[in-house]
Structure formats: C-alpha cells, structure tokens
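[1] sequence first, predicted model second:
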Amino acid sequence: MNTVAKRVSARHDVSLTLVAEAILPSRFGTFRIVSFENAHDGKEHVAITKGDVRGKAKVLCRIHSECLTGDALGSLRCDCRDQLEHALRRVEEEGEGIVLYMRQEGRGIGLANKIRAYQLQDSGLDTVEANVALGFRDDEREYSICAEMLDLLDVQSVRLMTNNPNKVAQLDSYGVPVAERVAHQLPSNQHNVHYLMTKASRSGHLLRFGDKLHLVEDAPE
C-alpha cells in the first residue's frame, strides 16, 4: 500500500507517505507496525496498531515522542519508557488501538541538544529553563504529522492517552476529534519527580501528586 496525503500545518507543509506495514510480535503483544515518511524533512515515523482501526471512531491512541535515553536505555530522568510500555500494554488489553511513535527527540530539540539540556539541569536549571537557555521554547513538538498519520489510517476520532492538554488542542486544530482524554500518569521515582512537577507547574500537564491534581496555577512561589 502506498498513499500520499498533504496538508498545510501551522508551521510547515506536510507531505506524508505511508511506506509499508508488517506484523510486529513483541513482549507486549502482537501488533502491526506501519511506517510513514515526511518528504518535507525526510523524517520517518511509525504507527503501532492493534486490531482493525480503519474507519473506526473513539480509537484508543497514544502519541509518543522518541526518547532514546528513556525508551532504549532505561533512563530514570523521565517517565518516557514507562509511558510507552503502559500504552502498548493498554492497547493490547483493549484489543484495538494505536501508538504513534514520533521522531521528536527531546521535545523536538534533538538528541544532542537534549544532552546539553541535561547538563544544564545538572547545574540546577529545570527542564523549561534549560530548553530556553539553549534558545528553544520549552516544547518544540507539533502534531500536524500525527493528524496526517491518523488520516491515512482512516481513524475518525480518538481517545487520547495523555496528560498534556496541548496534544488535545493541536489534534483538534488539525481536524482530529478527541472524544476523550485518558489520563496516562505513571509512578514517579526520586530521579524524575522534579521533572514531572515541572511538567505540571510550568507546562500545564495534568498530573496528580498525592490526592491533588497539580495545575499551572498550583506552581510554588
């Protein structure tokens, strides 16, 4: 199968091609993996699907941005690997769903810059301050490509596993109805709790600490 879709996003033209798909047996279950290529920048992204999602509404979906340090190396500085594994397990349990794996390393700033940001964090900056010090916004990711991937998969609407309201807003702006936001918080550890608190207090992620939902306005003085 080879399909092309084009859409002008808020930041760049997207010219996305569905390249190939195959069966993917994994420790989390048996899925289909679908590869896409964006002709604009040459980046490749994949959808990991379970069941027949084509033409379906309210499909369970996770948008996961690449994190080599977490996903592959098991870094405890973030919760990325936990989130990815939990999403795959949940899709397997439901018997139908999608995980979009996006090549947006380091919140879109790239691997080398993420390590530079780590270095700044080791000196006392939080994740937002470190990205800004390097000349970036706190989060450089955008999700028009996700909308195109879902369009090529003929998904009508999603139940999005996320704690990030910006993902919901961006998908909606690109014409993907989000029927439900499904909370996707995993337990913290001593190495990532400050990272998660910063997500909540500085970036607006909807996270609970204890029995309290931590919002931006709850940021400490």
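    Perfect, thanks for sending it. Numbering: from 1, shown residues only.
[2] okay, now the closest residue to K58 other than its chain neighbours: neighbour count?
    Ranked by Cβ to Cβ, 6 or more residues apart in numbering and with sequence neighbours excluded, the top spatial neighbour of K58 is A179, at 4.6 Å. All C-beta spots, glycine's among them, are computed from the backbone N, C-alpha and C. Neighbour count for A179, taken as other Cβ atoms under 10 Å: 13.
[3] can you give me the distance of A179 to D79?
    25 Å (Cβ to Cβ, to the nearest Å).
[4] the strands in this protein, which residues?
    For the chain, applying DSSP state E gives strands covering 3-8, 13-26, 29-38, 44-50, 59-65, 97-102, 158-161, 178-182, 207-209, 212-214.
[5] could you redo the ones you listed as TSV and give each row distance to E148 and mean pLDDT?
    Converted to TSV, these look like this (distance: least, Cβ to Cβ, whole Å; pLDDT from 0 to 100):
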stretch	distance to E148	mean pLDDT
strand 3-8	5	48
strand 13-26	4	89
strand 29-38	8	95
strand 44-50	10	96
strand 59-65	13	96
strand 97-102	10	97
strand 158-161	14	95
strand 178-182	16	93
strand 207-209	29	73
strand 212-214	32	47
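[6] closest one to Q83 among those?
    Set against Q83 and scored by Cβ to Cβ, the strands of the chain come closest in strand 59-65, at 6.7 Å.
[7] go ahead and confirm R54 touches L153.
    Yes. Between R54 and L153 there is a contact under Cβ atoms under 8 Å: 6.3 Å.
[8] and the longest helix belonging to the chain with strand 29-38, angle?
    Longest helix in the chain by number of residues, with DSSP state H as the criterion: helix 80-94. Interaxial angle, helix 80-94 versus strand 29-38 (axes from the mean of the first three to the mean of the last three Cα atoms, to 10 degrees): 120 degrees.
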